[in-house]
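Q: make a model of this:
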Amino acid sequence: MNDVVPADLGPLLSAFDRLLTIEAPDALLRRAVELARDTIGLVRVSIYVLDQSRYLMLGTWGSDSGGAILDEHHVMHAMGRTDREALHCDEEGAQYAVFENCLIVEQRSHETKVEGRGWVTCTPIRCGETIIGMMFNDAGPSRAAFDQAKQAEAAILCSLLGTILSSLAAMRRAGTARKNRLPVHRLVMASVAMLAKDPGVGTDQIARQLSISPRRLAGIFESSMGVSLVNYRNRARLDRLALLIARGRTSLPDAAIAAGFESYAQCQRVFRTFRWMALLRG
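A: As a prediction, this is how the structure comes out:
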């Protein structure tokens, strides 16, 4: 377990802690846009959720180039080639997909405004293998350069967002059993909060903090999230590794240890496993 959180991750992790307490999906999505704008520093952001039955991307909240929050619930589009490529970008071990020379479009309540052309980054929002939606971001008319470190932070945000939305969806599906689901949701979110702070923390340590047996914790987590606690932790480690590498302040072996892996060799094994699982899905 790595007890030391890098100082420059403090504001981001504090923002994540607040995100984990929100139990209304729409409020969660709006707060995620605010976090992307205020804490990560992305210029323009839009979050869409996937309607799998109709193969549509449905707008939720976004921000304009001036930082104002936009209600984009009226926006939808059929999934196209770019969306499909972005949703499966992890087949090559990538957290997100970047597309150059795209139309930069700003959605308004009564109009769609084209701001020109530039890069657009598409980051999948998922929990395990379940695809929930997508975060789009670009530099708007500022023409700011692509920032790999900010995008790595945004990828961690999207992973966290997918986890919370998935747990809330499971709680909604429980219907009349909601009162019984809410404590489970909060237990899962407490586990996620510990892993966000330190992806190296083990199941036994999390269970001890939550006064539950490791076996029961693992069972609750997997039944609620559709992904095992071990795999979730490994993905969190890889996300942290990508952020540390993007910031360029450490060697690969040191970054692996800082990300919560026991060794660089273990990190390489986990990465190969995730890529192999992605190839099997294809």
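Q: and Arg172, that's in a helix?
A: Yes - the assignment for Arg172 by DSSP: H, G, I helix; E, B strand; the rest coil puts it in a helix.
Q: let me see the contact set for Tyr96.
A: Each residue near Tyr96 by C-beta atoms under 8 Å, 6 or more residues apart in numbering is listed here: 86, 89, 121-124, 151, 154-155. The C-beta positions use only the backbone N, C-alpha and C, and glycine is treated the same way.
Q: with Thr123 instead?
A: Contacts of Thr123 by C-beta under 8 Å, 6+ apart are 86, 95-96, 134-137, 151, 154-155, 158.
Q: closest one of these to Ala236?
A: Set against Ala236, the nearest of the contacts of Thr123 by C-beta to C-beta is Ala155 (11.1 Å).
Q: so who does the closest one touch?
A: 95-96, 123, 239, 242-243.
Q: nearest residue to it other than its sequence neighbours?
A: Gln95 (3.8 Å; C-beta to C-beta, 6 or more residues apart in numbering).
Q: so that neighbour, which state does it fall into?
A: Relying on three-state DSSP, one would call Gln95 coil.
Q: shaky segments in the protein?
A: 1-8, 90-93, 108-110, 174-182, 249, 276-282 (pLDDT under 70).
Q: swap the cut-off to 50 and go again
A: 1-5, 7, 176-178, 282 (pLDDT under 50).
Q: show me the strands in it, by range?
A: 44-51, 56-63, 69-71, 76-78, 97-107, 112-127, 130-138 (DSSP state E).
Q: hmm, back to that, pretty sure the residue nearest to Ala155 is touching Leu241, no?
A: No - using C-beta atoms under 8 Å, Gln95 is not in contact with Leu241; the gap is 10.4 Å.
Q: who touches Ala15 in this structure?
A: 35, 39.
Q: and the nearest residue to Asp83 once chain neighbours are set aside, what are its bridge partners?
A: Leaving aside its chain neighbours, Asp83 sits nearest to Met57 (6.2 Å; criterion: C-beta to C-beta, 6+ apart). Beta-bridge pairing for Met57 (DSSP bridges): Leu50, His77.
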